[in-house]
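>>> when you get a sec, could you give me coordinates for this:
(one chain, ligands or ions: 1)
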Amino acid sequence: MEQQGETMQSLSEANDQLMAKNHALAKALTRATKELAKAKAQLNQLAGPPLTFATMVRVHAANTDEQGVQHASAEVISGARRMIVPVAASVPASRLEAGRTVLLNENMVIVSQHDTDTLGAVRAVKQVFDDGRLLVTDSGGNATLVRRAGILAKESINTGDRVGVDSSIRLALTLIPAEDDAELVLEETPDVTFDDIGGLDEQIERIRDAVQMPFLHRELFERYDLKPPKGVLLYGPPGNGKTLIAKAVANALAEGCGAGSGVFLSVKGPELLNKFVGESERLIRMIFKRARERAADGRPVIVFIDEMDSLLRTRGSGVSSDVETTIVPQFLSELDGVESLDNVMVIGASNRIDMIDPAVLRPGRLDVKIRVDRPKARQAGQIIRHYLTDDLPLTPGIEAKALTSVLVADIYAISEHRHLCDVCDEHGQWSPVYLADVVSGAVLKNVVDRAKTKAVKISIESAEPAAIGVDLLAKAVQEEFEETRDAILDADPVQWSRINGFDAGHVTRIRPAAQ
Ligand code: ADP
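Just a heads-up that it's a prediction; the model follows:
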């Protein structure tokens, strides 16, 4: 009996041991299964076919069966292939938007959706249709009809806006903010008057006849069947008052028409070009549109285009195909359209008139050409008198007029101490360049400003107002001379002679003046 009990005991123990072993084995098996599954998944991943990128065009069909399972298909474009593909049940068809990137598995089923890829070509919106479609054009004026991506569905898009498009799928993907444009066109209400300009009486009279007279005496021009010019070209080396004149015109026109103030819209040719290669045409249109808007309430508007040669370059010069093929014609058509808007006048400025497309300068366009040259000594005196006035702290007993004469004599001296450099023309002929040869209105103002700055500095140091006199002015001229000399010696001879309209023909070399 006792023996039987012992046997039972050992059997039960053996059973326990076996069960524990069994348990451990089962555990190991589960672990192994898991490991196996992991390895298999890894293997699958390595061997799995690639997923394909595509862009959503639209949901083709979508419904849900009684079990709540979605059955949907969508139109997508992948590369150049346009396809209708099934949508996996895990991707909600209602969230598939036009323009979004989707991934297709090896069976061409949409398995996931990503953001819209907003890279693409920039196009200008020409027309917006009621159904949301857009007519867009490229820089060559080629028009395409595009649909809007889902993200643009509710966006307010207007003619003239810029959109990023994917041309291959004919979808507008993104609206490009317009702030940059605003910076390009400077708008101001100028306070410069003709009285602020020195030494340019002749030029001022010409521009008054060309611009102000037709504006103020419209009926007389009509009576004599005389068409006022649409614009004026001011040309000549930089810093001699072209911009000043244009601003003063805007101001003067406003005076005569009781509209309060004129508007001066200015753009720099190279900025227009550099910033938006390929879409300058749209910008030109934008500038004229802005001018018209500003002129709508009767205010005269001057559109001032500085460095016009860079923008309206002779066609066929091969410098930039963009300039030649689209900008000049666009500008001409806008200018020709100005006719009916009497309050808009274009003033161009350039120091390379030879580079401007002749079509721009033909009669009926910018046919009034006014040369604004460097000041001669007499005109220099008139300019300086605007900045060196009797109300300033001057050396007692000396009037501004006398100081001006001394200053002009120093700047215009044809002597070794104002000898900047020598230049060589294409025939190998060297000629001297003096400060007088390169002086401009801006340089004259700068000389006076230098003397004023010195006076301010001395006043701060000595705690009493310092007088502007012959000494300070001479130092100012000397500084201006040295800076100008160094700048010329560092400059590229050909470029320098072009910009400065230097009379010695084409400068090929520049050398320092002999010491
Ligand atoms: P441009 O347009 O010919 O390059 P600006 O009219 O801009 O030259 O002239 C630059 C600056 O030089 C002016 O703002 C002004 O301070 C000064 N200046 C140039 N010419 C004259 C002038 N004839 N009378 C008074 N100031 C002048």
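
>>> use CA for all of it now, contacts and neighbours both
Noted.

>>> what does the stretch 1-150 of the chain put close to the ligand?
Taking Cα under 6 Å from any ligand atom, no part of the stretch 1-150 of the chain reaches the ligand.

>>> now the stretch 1-150 of the chain against the ligand: closest residue?
residue 139 (30.0 Å; Cα to the nearest ligand atom).

>>> which helix or strand contains that residue?
Using DSSP states H and E, residue 139 is not contained in any helix or strand.

>>> for residue 330, see how far away it is.
11 Å (Cα to Cα, to the nearest Å).

>>> what do the two both touch?
Both residue 139 and residue 330 are contacted by residue 281, under the criterion Cα atoms under 8 Å, 6 or more residues apart in numbering.

>>> for residue 442, see how far away residue 390 is.
Residue 390 is 21 Å from residue 442, by Cα to Cα.

>>> now residue 62: closest residue in space that isn't a chain neighbour?
Using Cα to Cα, 6 or more residues apart in numbering and skipping residues adjacent in sequence, the residue nearest residue 62 is residue 72, 4.0 Å away.

>>> ok, now which ones touch that neighbour?
59-63, 86-89, 93.

>>> again, 6 Å this time
Contacts for residue 72 (Cα atoms under 6 Å, 6 or more residues apart in numbering) come out as 61-62, 86-87.

>>> how far away from the center of its chain is the helix ranked longest in the chain?
Ranked by number of residues, the top helix in the chain under DSSP state H is helix 2-47. Chain-centre distance of helix 2-47: 76 Å, with Cα atoms, centre = their mean, to the nearest Å.

>>> now the element after the lengthiest strand in the chain, going C-ward?
Criterion DSSP state E: the longest strand present in the chain is strand 52-64. As assigned by DSSP H and E, the chain's next helix or strand after strand 52-64 is strand 70-78.

>>> any idea how far residue 272 is from the ligand?
17 Å (Cα to the nearest ligand atom, to the nearest Å).

>>> ok but that residue is inside a strand, no?
No - counting by DSSP: H, G, I helix; E, B strand; the rest coil, residue 272 is not found in a strand; it is helix.

>>> can you count the residues close to it?
A count of neighbours around residue 272, defined by other Cα atoms under 10 Å, yields 20.

>>> I'd like the distance between it and residue 440.
Taking Cα to Cα, one finds residue 272 at 26 Å from residue 440.

>>> which of the three states applies to whatever residue of the stretch 251-400 of the chain ends up closest to the ligand?
In the stretch 251-400 of the chain, no residue comes nearer to the ligand than residue 383, which is 4.7 Å away by Cα to the nearest ligand atom. Recorded secondary structure, residue 383: helix (three-state DSSP).

>>> which pLDDT value goes with it?
At residue 383, the model reports a pLDDT of 97.

>>> residues in contact with it?
So residue 383 contacts 198-199 (Cα under 6 Å, 6+ apart).

>>> buried set for stretch 121-141?
Neighbour-count burial for stretch 121-141, with 16 or more other Cα atoms under 10 Å as criterion, is recorded at 122-128, 132-139.

>>> among these, which pair sits farthest apart?
132 and 139 (22.5 Å; Cα to Cα).

>>> could you list the domains of the protein?
Residue ranges for the domains of the chain, per automatic domain parsing: 52-116, 121-178, 183-371, 377-512.

>>> which among these is found nearest to residue 24?
Residue 24 lies closest to domain 52-116 among those, at 38.8 Å (Cα to Cα).

>>> now the terminal residues of that closest one, how far apart.
Separation of the first and last residues of domain 52-116 by Cα to Cα is 15 Å.

>>> any idea how far it is from the chain center?
That offset, for domain 52-116, works out to 40 Å (Cα atoms, centre = their mean).

>>> now do that domain, average pLDDT.
88.

>>> what's the neighbour count on residue 421?
With other Cα under 10 Å as criterion, residue 421 counts 19.

>>> same thing with residue 5?
10.

>>> what do you get for the one 10 residues further on?
Neighbour count for residue 15, taken as other Cα under 10 Å: 12.

>>> per-residue confidence for it?
90.

>>> residue boundaries of the strands in the stretch 301-450 of the chain?
301-306, 344-350, 368-371, 419-425, 430-434 (DSSP state E, counting those that start in this stretch).

>>> partners of the second one, with directions?
Think strand 344-350. Strand 344-350 has its sheet partners listed here by DSSP bridges as strand 231-235 (parallel), strand 301-306 (parallel).

>>> let me see the mean pLDDT of it.
For strand 344-350, the per-residue pLDDT averages 92.

>>> alpha carbons only: can I get that strand in PDB?
Output of strand 344-350 as PDB, limited to C-alpha atoms (Å, rounded to 0.1, in the frame of the first residue of the first chain):
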ATOM      1  CA  VAL A 344      -0.100 108.200 -67.400                       C
ATOM      2  CA  MET A 345       3.200 109.200 -68.700                       C
ATOM      3  CA  VAL A 346       6.300 107.100 -69.100                       C
ATOM      4  CA  ILE A 347       9.700 108.500 -68.400                       C
ATOM      5  CA  GLY A 348      12.700 106.300 -69.100                       C
ATOM      6  CA  ALA A 349      16.200 106.900 -68.000                       C
ATOM      7  CA  SER A 350      19.300 105.400 -69.500                       C
END
